[in-house]
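> Here's a sequence, model it:
(one chain, ligands or ions: 2)
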Amino acid sequence: MSILISSSTHSILRPSPTLHSSANLSFSQSSPTLPIFRVHIIHRAPYAAAVASSSSAFSVGAGAVLQDAGATAAVLAGSYVLVLTFDALAERKVIQQNLSRKLVHILSGLLFAIAWPIFSTSTEARYFASLVPLTNCFRLLIHGLSLATDEGLIKSVTREGKPAELLRGPLYYVLILILCTLVFWRESPVGVISLAMMCGGDGVADIMGRRYGSMKLPHNQQKSWAGSISMFVFGFLISIGMLYYYSRLGYFQLDWANTTPRVAMVSLVATLVESLPTTKVLDDNISVPLASIVAACLSFGL
Ligand SMILES: C/C(=C\COP(=O)(O)O)CCC[C@H](C)CCC[C@H](C)CCCC(C)C
Ligand SMILES: Nc1ccn([C@@H]2O[C@H](COP(=O)(O)OP(=O)(O)O)[C@@H](O)[C@H]2O)c(=O)n1
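Ligands and ions are numbered 1, 2, ... in the order given. So this is what the prediction gives:
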């Protein structure tokens, strides 16, 4: 399944003659481009639908379920291993606890989005994938409410080692992962861009800001130029990297001359929102991705 994000309002999009599968999406754009991105989905000719026999449809369906169940189990195991790994590194003083938490912040969501292509092309695939952040959501709730204890989890994802901290930043983080998985999935650049900003941009801003943030922002003495510039640069670069990854896999066909400045604009919006002194009112793990989603939807016309 591939989608063309074309920069045109008048592009005449026709299904390529080679269309065979039930939901192949490929186009031949035949008009000058204009600065509005549109996504068009063209399904295969109805006669082909009659060709697929019920038994082959069933075997395809069963195969997709098995693939998605396996992918879900693998990615879920990966999430546990990731937290355990950084807990062990922090425990052995290989890395500082704060850096460990930030690396979990950066890597969790990005590796999750990078893993999306291992799920099947079925319409249920996104629901299987969303089980991973959903399971972690319950995990954070259980341990955040001290219904059970997981010292490794608490040390890996909290600042001060208090279980209740799990119910704020980390919980909002996995809720945003669920939102992007269910709403945008592999079918829109908005989801991966927003995760790149929340995970990559905001995560690196913290690391760079703590280390080099002597020059504070005029409107927020808790944040610094080094942190915000890092947020913009890494949010942009990681977004472009994620879009390139998905375009190489055939999910997006992007007009990079138009896409690049739009991603930069989204990164600027996310950086400005992240720099605001609103953390106590609205956590960055909510404000940054939501601002990125709105900016990306407006920018890409989706
Ligand atoms: C540390 C985290 C958030 C705190 O953010 P902040 O307060 O510092 O701004 C991230 C919490 C991650 C969570 C415990 C685990 C999420 C795993 C993810 C859904 C799946 C990862 C799979 C991949 C293959 C490793
Ligand atoms: N734009 C930014 C962001 C963070 N930082 C630094 O990183 C620390 C943590 O930032 P934060 O409160 O946004 O942390 P999270 O909410 O992202 O975990 C701040 O107290 C600053 O020292 C910065 O200097 N500039």
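> from here on, contacts and neighbour counts on C-alpha atoms
OK.
> Just confirm K280 is within a helix.
No - counting by DSSP: H, G, I helix; E, B strand; the rest coil, K280 is located in no helix; its state is coil.
> now the strands for this protein?
Using DSSP state E, the strands of the chain run over residues 3-7, 14-15, 27-28, 37-39, 216-217, 220-224, 252-254.
> contacting residues around the most centrally placed residue in the chain?
Geometric centre of the chain, nearest residue: L195, 3.3 Å, by Cα atoms, centre = their mean. Taking Cα atoms under 8 Å, 6 or more residues apart in numbering, we find L195 in contact with G109, L110, A113, L177, C180, P289.
> Swap in 10 Å and give it another go.
L195 makes contacts with 106, 109-110, 112-113, 173, 176-177, 180-181, 201-202, 235, 238-239, 242, 285, 288-290, 292-293, as judged by Cα atoms under 10 Å, 6 or more residues apart in numbering.
> now, which of the residues you listed lie close to ligand 2?
D202 (Cα under 6 Å from any ligand atom).
> Which of the contacts of L195 are buried, as a ChimeraX select command?
A single ChimeraX command suffices to select whichever of those are buried according to 16 or more other Cα atoms under 10 Å:
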select :106,109,110,112,113,173,176,177,180,181,201,202,235,238,239,242,285,288,289,290,292,293
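> returning to that earlier point: from V83, how far out is the residue nearest to the centre of the chain?
Look at L195 and V83: by Cα to Cα, to the nearest Å, they are 19 Å apart.
> so I176 makes contact with N285?
Yes - I176 lies in contact with N285 (Cα atoms under 10 Å); the separation is 7.7 Å.
> Overlap in contacts, those two.
P170, L195, M198.
> Please work out how many residues are found near the last one.
Residue crowding around M198 was assessed by other Cα atoms under 10 Å; the count is 31.
> ok, now F86?
26.
> give me every residue that touches it.
92, 94-97, 99-104, 152-153, 155-157.
> how about a cut-off of 7 Å?
Residues in contact with F86, defined by Cα atoms under 7 Å, 6 or more residues apart in numbering, are S100, S156.
> Low-confidence regions, the stretch 151-300 of the chain specifically.
The model of the stretch 151-300 of the chain has no residue with pLDDT under 70.
> Up against ligand 1, what does it have?
V157, G169, P170, Y173, V174, N285.
> And the helices in this protein?
46-51, 54-91, 97-115, 125-144, 151-157, 169-183, 189-195, 202-212, 225-248, 256-275, 284-300 (DSSP state H).
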